[in-house]
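# could you look at this predicted model? Sequence included:
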Amino acid sequence: MASGQQIHYKQNRLKQLRAFCHAARTGSVSAAAEKIFLSQPTVSLQIQALERELDTVLFERRGPKIRLTPEGEMLYELAQPLVEGMDKLHETFSVHCGRIDQGTLDIAAGESTILYILPEPVRLFVERFPGIELRLHNVTGRDGLAMLRADEADLAVGSMLEIPDDVNYRPVVTYRPTLITPKDHPLANKQDISLADIAEFGLILPPRHLSTWRLVDLVFTQHNLNYQVTLEAGGWEVIKKYVELGLGISIVTDVCLTGDETLAQVPLEKYFPLRSYGMVLRRGKFLSPQTKKFQEILQEVFPQDSGRLARQKRGGDSGWDDGLLS
C-alpha cells in the first residue's frame, strides 16, 4: 500500500512540476494550460498543491500575469532540467542506443544566417537524420529570443552584440566587416581608406531599428564624423544589388560575399569589430539529442573558428542581431 502511494505521489509531483515550469516560462497560468493541454483550473490546482507541499509561495499574482518569487526562481532552476529531461526521455534513450530516428528540431534564425551560414549544416543534418523533422523559422532577433523563452524553438543561430542574462551564446564562426562599392567607385582602388573617406559618400544600410545601423552610428559618432544614409534596404542580397547599381556604398560583413558579385571589397576591421555567429540557447534548458547533434555538425562545418572566439559582452535584452549585420 505504501509503495503504491509513493508511486502515485511521484506521478503527481511530475505533473505539478510540469505545470509550474510552463507557468513560470510563460508568465501565465492560462498559457501554461494551453501548452500542456490541460484546463486552467487544473493547472492552478497543481501549482497550489505544490506550494502547499513545499510550504512556500512560488508566484506573485498580479491580475492575469504571474511572476516568480525568489523561492519560485530557485525551484524553477532546479526543476526545469528535470521536467525537460523527462519529456525528452524517449529521444535521449534512442540516442544512447545509437539511433535518432524521430522527433523535431526547431531553429530560429535571421535571413542572412539561413542564407549564408546554415545551408551546409542543415544539409548534413537532414542527410544523417532523415527521421527528424527540421523546421527553420525566419525571424528577427527579438522574435527569436521570444521563441526560445517560450520554448517554441530548441535553439537560435545568429550573431549577438550583447547577451541577455537568461541565454547562453556559443560562437562558432567569425567574419570581417567590409566596405562594398561599385567597381568604378572612387574608393574602389584607394589605399588605406579612412572613415572620413567613407563619410563623404551616401550609405545603403538596413532599417535604423536594427543593430547594423546602431553599430555604424556608434563608430562614426566615436570618431566625430557625420555620415549620410541615402537608402534603407532590408537584406544583404538587396543591399548588394543596389550597391552594384551605383546607388550608394555599404558596410557589411563578408559572410554575405560569395565572390560572384560585381563589387569592390575593402576590409574594415580597423574600425569595426569582427562579427561572430553561433548557437543561442536558453540558460538552463535541457538540450535535446537533436540539438546536441546539430551543435556537433556546426562545429564540424566550422572547426577552426569554434575554438578561438573571444568572449562576448554580457548585457542587454535583445542583442541577437536580426540577421542583417552578420
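Looks like it arrived, so ask away.
# so where's the stretch 201-326 of the chain shaky on pLDDT?
In the prediction, the stretch 201-326 of the chain carries residues with pLDDT under 70 at positions 304-326.
# tell me which element Thr42 is part of?
Assigned by DSSP states H and E, Thr42 belongs to helix 40-54.
# what about the helices in the stretch 151-300 of the chain?
All helices of the stretch 151-300 of the chain, identified by DSSP state H, counting those that start in this stretch, fall at 195-199, 211-222, 236-244, 289-301.
# right, and those helices - which one's nearest Leu257?
Closest to Leu257 of the helices of the stretch 151-300 of the chain is helix 236-244 (C-beta to C-beta; 8.0 Å). Glycine gets a C-beta too; all of them are placed from N, C-alpha and C.
# pull out the buried positions in the closest one.
By 16 or more other C-beta atoms under 10 Å, the buried positions in helix 236-244 come out as 236, 239-240, 242-243.
# pipe these into a markdown table and attach distance to Tyr76 per row.
A markdown table is the format used below for the buried residues of helix 236-244 (distance: C-beta to C-beta, whole Å):
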| residue | distance to Tyr76 |
| --- | --- |
| Trp236 | 39 |
| Ile239 | 42 |
| Lys240 | 45 |
| Tyr242 | 48 |
| Val243 | 48 |
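# which of those residues lies closest to Ala196?
Nearest to Ala196 among the buried residues of helix 236-244 is Val243, at 20.0 Å by C-beta to C-beta.
# which residues are in contact with the closest one?
180-182, 204, 249-250, 263 (C-beta atoms under 8 Å, 6 or more residues apart in numbering).
# list just the nearest of these to Ala153.
Ser250 (29.8 Å).
# hang on, isn't the closest one packed against Ile204?
Yes - Ser250 lies in contact with Ile204 (C-beta atoms under 8 Å); the separation is 4.5 Å.
# what residues are shared contacts of the two?
Shared contacts of Ser250 and Ile204, defined by C-beta under 8 Å, 6+ apart, comprise 239, 243.
# returning to what we had before: nearest to Gln40, out of the helices of the stretch 151-300 of the chain?
Judging the helices of the stretch 151-300 of the chain by C-beta to C-beta, what sits closest to Gln40 is helix 289-301, at 30.4 Å.
# in the closest one, what counts as buried?
Within helix 289-301, the residues that count as buried by 16+ other C-beta under 10 Å are 289-291, 293-295, 297-299, 301.
# can you check stretch 264-273 too?
By neighbour count with 16+ other C-beta under 10 Å, stretch 264-273 contains the buried residues 264-266, 268, 271-272.
# burial check on Trp213, number of neighbours?
Neighbours of Trp213 under the rule other C-beta atoms under 10 Å: 18.
# contacting residues around the nearest residue to it once chain neighbours are set aside?
Excluding the flanking residues, the one nearest Trp213 by C-beta to C-beta, 6 or more residues apart in numbering is Leu205, at 5.4 Å. Contact analysis of Leu205 by C-beta under 8 Å, 6+ apart lists 212-213, 216, 229, 231-233, 239, 250-251.
# can I get the residues you listed in a markdown table including distance to Phe59?
As requested, the contacts of Leu205 are arranged in a markdown table below (distance: C-beta to C-beta, whole Å):
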| residue | distance to Phe59 |
| --- | --- |
| Thr212 | 39 |
| Trp213 | 39 |
| Val216 | 43 |
| Val229 | 47 |
| Leu231 | 49 |
| Glu232 | 43 |
| Ala233 | 45 |
| Ile239 | 46 |
| Ser250 | 48 |
| Ile251 | 47 |
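# give me the residue at the spatial middle of the chain.
Ala156 (3.2 Å; C-alpha atoms, centre = their mean).
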